[in-house]
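>>> need coordinates for the below:
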Amino acid sequence: MKPLSASCATEQINECTEDRSEPPGDPSDHAEISLSRYFPEGTQYFYGYPSGEDSNFFNGVPPASEELVAARTLICAGDHVKPIVFPSAIEQDNTHILEKELGIVYADQDQIIALPSNITHSIVGKERNILIKKALRDNCAPHSLVMAQPFMDSFLQDRFLIPPELTIFLNDKRNLPAYVPQDYLPGRYGEYMSGHAFATSAQQLPIPCVVKVSSSSSGDGVRLCRTAAQLEKAKKEYMSVSGSIIVEQFVKVAQNFGIQFGIPYDKSKNVEIIGVSEQLTTPEGEFIGGIIDPQRLFAEIDGINKLLVERVLPAVRDMGWYGVGGFDVLIDKNGKFYMEDPNFRMTGMTPYLCEARNGVIRKSMVSFIATFQGTEEEFCRTIVPLAREGNSDQMIHIIALTHHDNTYRINAAMYFEQEDEVSVQRNAQRLVALGI
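All right, here's what the predicted structure looks like:
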């Protein structure tokens, strides 16, 4: 996978992308790019997902990973949005490493809302959801809460800033045709109200195809079925899923982009593209990281940026939604693009694109999530020298850090030389050798 600045996989794809020096939106507005640019003062943002299938959302992320994911808001909250995080993200030892050793600038301490310490990474499933819901009810003011994928419990309804049913509707892949023109979507072969309906359907589906739990994220709940056996396996795997299932066209992907956007709550301000990254996925379609080239933050993909700014996002704003989000865009080997998954919430690339727009990230980078096993002394001796901000030999940029059971979990980006895949491999191998 080559970075955005490298040659596209084919000549047709090369014709589909072009550089832009200014973001679509208002080029004269050079204010800080953060959550505070798009949400009103007092917003309390929780980058969290219901465990299991609560709120009809399919989430298989383990709690320890969820704690790290939720901590991403600390780096991009801005001056008046209050990030909601798990206690592990702001433990004194971790914040000392991030702020004092590495020079990372987080949200002010009085902005941060920490969930209770009894919500540990060992608590899972419905028990975890119950505790989180109670904590949100107790700690969030009325009409202030924004959640990546909201709970729908009635006793939380008055806490949400944006109607939760609207966010849930927009995040559901099944509803993409409601606001995206059909010409820009993959073909849809089937739609089923539950996993059982999908598994027991007699409909003959073309092979290959893509099976998706329609309300899911980051490749969780997506199966690429290249053979009939893989399709049958997906039917068995999703038999008990209560949410809807869709089956779509299998796109032979040459490149995979993530386009991040912002819709300001102030309707006098224009919707805009925050930035574009190239996405890295497993052969099964699971998101594992993204590439950002600061010189091509606003790469045009065959007019899709214009489509978003002029048609799709204004239609979403008219529904009453605002904030930050993204779309996954696939380009096939013939140069045709398809808008795939909607993400009406922060994504894993949002913090990095905000930092790139704000001048914090100036080199090409690829994001990753990793672990390091060892003591604090070993972490500081091995990893900190490579991550200290401003050092001439800085290799990685850490945005979130948690620690459990002698294991550090890291959300970071690895720098590499532009258009040099060898440097990517060399740096990655060095990190692995050091225990990342």
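>>> give the pairing partners of the helix or strand hosting Arg409; include direction for each.
For Arg409, the element it lies in under DSSP states H and E is strand 407-415. The strands that strand 407-415 pairs with in its sheet are strand 365-373 (antiparallel), strand 396-404 (antiparallel) (by DSSP bridges).
>>> could you measure from the closest residue to Ile361 other than its chain neighbours over to His80?
Once its chain neighbours are removed from consideration, Ile361 has its nearest residue in Glu355; the separation is 4.7 Å (C-beta to C-beta, 6 or more residues apart in numbering). For the C-beta atoms, the positions are set from N, CA and C on the backbone; glycine is no exception. For Glu355, the distance to His80 equals 18 Å [C-beta to C-beta, to the nearest Å].
>>> which residue is nearest the middle of the protein?
In the chain, the residue lying closest to the centroid (C-alpha atoms, centre = their mean) is Thr347, at 1.9 Å.
>>> and the residue nearest to Ile361, that one's in a strand?
No - residue state for Glu355 (DSSP: H, G, I helix; E, B strand; the rest coil) corresponds to helix; a strand is not indicated.
>>> from His397, how far out is it?
As it turns out, when the distance is counted by C-beta to C-beta, Glu355 lies 8 Å from His397.
>>> just name the shakiest helix or strand of the chain by mean pLDDT.
For the chain, counting by mean pLDDT, DSSP states H and E, helix 11-16 ranks last in confidence among helices and strands (a mean of 42).
>>> please, where are all the helices along the chain?
Listed in chain order, the helices of the chain (DSSP state H) span residues 11-16, 63-70, 92-95, 125-139, 164-171, 195-200, 228-237, 304-307, 313-319, 350-357, 376-382, 384-387, 421-433.
>>> mean confidence score for the longest one?
The average pLDDT within helix 125-139 is 93.
>>> which strands and helices sit next to that helix?
Counting by 3 or more C-beta pairs under 8 Å, 6 or more residues apart in numbering; DSSP states H and E, no packing neighbours are recorded for helix 125-139 among the helices and strands.
>>> hang on, the earlier thing: what residues are shared contacts of Glu355 and His397?
Counting by C-beta atoms under 8 Å, 6 or more residues apart in numbering, the residues touching both Glu355 and His397 are Ile361.
>>> now the helices of the chain in TSV, with distance to Ile259 and mean neighbour count?
Formatted as TSV, the helices of the chain follow (distance: least, C-beta to C-beta, whole Å; neighbours: other C-beta atoms under 10 Å):
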stretch	distance to Ile259	mean neighbour count
helix 11-16	13	15
helix 63-70	20	21
helix 92-95	32	14
helix 125-139	30	16
helix 164-171	15	19
helix 195-200	29	18
helix 228-237	28	15
helix 304-307	7	19
helix 313-319	11	16
helix 350-357	10	26
helix 376-382	35	14
helix 384-387	28	18
helix 421-433	23	13
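>>> buried residues, stretch 144-160. List them.
When burial is assessed from 16 or more other C-beta atoms under 10 Å, stretch 144-160 yields the following buried residues: 144-151, 153, 156, 159-160.
>>> low-confidence ranges, the stretch 101-250 of the chain, go.
With pLDDT under 70 as the threshold, the stretch 101-250 of the chain has low-confidence stretches at 218-219.
>>> apply 90 and report the result again.
For the stretch 101-250 of the chain, applying pLDDT under 90 flags the ranges 105, 107-109, 124-126, 149, 152-155, 215-222, 241-243.
>>> who touches Asn411 in this structure?
Neighbour list for Asn411: 68-69, 71-72, 348, 367, 369, 398-401 [criterion: C-beta under 8 Å, 6+ apart].
>>> beta partners of it?
Beta-bridge partners, per DSSP bridges, of Asn411: Ile369, Ala400.
>>> okay, it: pLDDT?
94.
>>> ditto for Ala9
At Ala9 the predicted local distance difference test score is 36.
>>> now swap in Thr350 and tell me
95.
>>> picking that back up, need the nearest residue in space to the residue nearest to the centre of the chain, chain neighbours excluded.
Taking C-beta to C-beta, 6+ apart, and ignoring the residues beside it in sequence, Thr347 has Gly326 as its nearest neighbour in space, at 4.7 Å.
>>> surely the one you found touches Phe257?
No - here Gly326 lies out of contact with Phe257, judged by C-beta atoms under 8 Å, at a distance of 9.7 Å.
>>> on that earlier part again, among the strands paired with strand 407-415, which is nearest Leu280?
Between Leu280 and the strands paired with strand 407-415, the tightest spacing by C-beta to C-beta is seen for strand 365-373, at 7.0 Å.
>>> next, the buried residues of that closest one.
When neighbours are counted by 16+ other C-beta under 10 Å, the buried residues of strand 365-373 are found to be 365-368, 370, 372.
>>> follow-up on the earlier one: contacts only, for the residue nearest to Thr347.
Residues in contact with Gly326 (C-beta under 8 Å, 6+ apart) are 258-261, 343, 347, 349-350.
>>> 10 Å instead, please
257-261, 273-277, 279, 341-350, 353 (C-beta atoms under 10 Å, 6 or more residues apart in numbering).
>>> same check, this time on Gly320
Taking C-beta under 10 Å, 6+ apart as the definition of contact, the neighbours of Gly320 are 162-163, 166.
>>> reformat the residues you listed as a markdown table; add distance to Ile97.
As requested, the contacts of Gly320 are exported to a markdown table (distance: C-beta to C-beta, whole Å):
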| residue | distance to Ile97 |
| --- | --- |
| Ile162 | 35 |
| Pro163 | 39 |
| Leu166 | 39 |
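>>> which of these lies closest to Asp266?
Relative to Asp266, the closest of the contacts of Gly320 is Ile162; by C-beta to C-beta it sits at 14.4 Å.
>>> relative to His143, how far out is the closest one?
As judged by C-beta to C-beta, Ile162 and His143 stand 9 Å apart.
>>> likewise Gly48?
18 Å.
>>> neighbour count winner among these two?
Set side by side, Gly48 and His143 show more neighbours around Gly48, with 25 against 13, by other C-beta atoms under 10 Å.
>>> spatially nearest residue to the more buried one (excluding sequence neighbours)?
Closest residue in space to Gly48, ignoring its immediate chain neighbours: Ala70 at 5.4 Å, by C-beta to C-beta, 6+ apart.
>>> residues in contact with that neighbour?
Contacts here follow C-beta under 10 Å, 6+ apart; on that basis Ala70 touches 45-49, 83-86, 88-89, 115, 148, 346, 400, 402.
>>> per-residue confidence for it?
Model confidence at Ala70, given as pLDDT, is 94.
>>> cool, and Met414?
In this prediction Met414 is given a pLDDT of 93.
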